[in-house]
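K.L.:
Quick one: sequence plus predicted model below, questions after.
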Amino acid sequence: MTDLGLLGPEYTFHDLARRRFLPELKHTYYSSFDEVFNALKSGEIKHALIALRNSHSGDVNTNSKLIQNKGLKLLKEFDLEVNLCLGGFFKNNISSIQKIHSHPMAIKETRDYFSKYSHIKFISSKSTAGAIEELRNGRDKWAAVISSKEALIANSLSIVAENIQDSNQNVTTFGLVSH
Ligand SMILES: O=C(O)C(=O)C[C@]1(C(=O)O)C=C[C@@H](O)C=C1
């Protein structure tokens, strides 16, 4: 049994919250909230770290409701400032980018920023760091991702723009949950 399950891979915002607030816990990454909830139910993990809400874009998934409906315990809440970056294979101009992969919440949190680039197609991914894997598989030089700066650096991608979130106080609240 691992102590903590969370949405991965490395350098998702869940992972940045884990590193900041719960660095001592042995952890396992999962690729969706469903998988994290299932791992908690089956006893594969003791605790889960799950995003509940964002200060600008509201509820994350239906996670708060799911925690209540499943009779899980919300032990603690942690607030993490979420600074979003745009990154890709090259330091492209934003106007030359055609496609952006990211988690739906990160896309929501940057909607105003991209409002003048109406040609860009947004593609939902399972997490901001997971979007990087999709970017690599797509091999499209005009594609980009919205993710953490840490994820871009760890994956040797170029940073096209920093702090692109619409709200300058963009905070996501994460819950530490147990059975
Ligand atoms: O995709 C990630 O990196 C996540 O950790 C998910 C998530 C979310 O669930 O809202 C976490 C914080 C940010 O608000 C954007 C995405």
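P.N.:
Okay, I see it.
K.L.:
Contact residues of the chain facing the ligand?
P.N.:
Residues of the chain found near the ligand (C-beta under 6 Å from any ligand atom) are 7, 12-14, 51, 54, 60, 82, 103, 105-106, 109, 127-129, 172. For the C-beta atoms, the positions are set from N, CA and C on the backbone; glycine is no exception.
K.L.:
Sort out for me which of those residues are in strands.
P.N.:
Among these, the members falling in strands (DSSP state E) are 7, 51, 54, 172.
K.L.:
how about the strands of the protein, start to end?
P.N.:
2-7, 27-30, 45-54, 58-59, 73-81, 85-88, 99-102, 121-124, 143-147, 158-161, 171-178.
K.L.:
need those strands in a markdown table with mean neighbour count, can you?
P.N.:
Formatted as a markdown table, the strands of the chain follow (neighbours: other C-beta atoms under 10 Å):
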| stretch | mean neighbour count |
| --- | --- |
| strand 2-7 | 21 |
| strand 27-30 | 20 |
| strand 45-54 | 22 |
| strand 58-59 | 11 |
| strand 73-81 | 14 |
| strand 85-88 | 24 |
| strand 99-102 | 24 |
| strand 121-124 | 14 |
| strand 143-147 | 27 |
| strand 158-161 | 15 |
| strand 171-178 | 20 |
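K.L.:
which residues of this protein score low on pLDDT?
P.N.:
Across the chain, nothing is flagged by pLDDT under 70.
K.L.:
Okay, domains of it per the record?
P.N.:
Here the domain assignment for the chain is 2-81+169-178, 85-161, based on automatic domain parsing.
K.L.:
sorry, back to before: so which two of the ones in strands among the residues of the chain next to the ligand are the farthest from each other?
P.N.:
Within these, Leu7 and Asn54 form the most distant pair, 14.1 Å apart (C-beta to C-beta).
K.L.:
would CSV of the ones in strands among the residues of the chain next to the ligand with distance to Leu135 be doable?
P.N.:
Below are those laid out as CSV (distance: C-beta to C-beta, whole Å):
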residue, distance to Leu135
Leu7, 18
Ala51, 22
Asn54, 23
Thr172, 22
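K.L.:
Specify which member of the residues you listed is nearest to Asp166.
P.N.:
Closest to Asp166 out of those is Asn54 (10.8 Å), distances taken as C-beta to C-beta.
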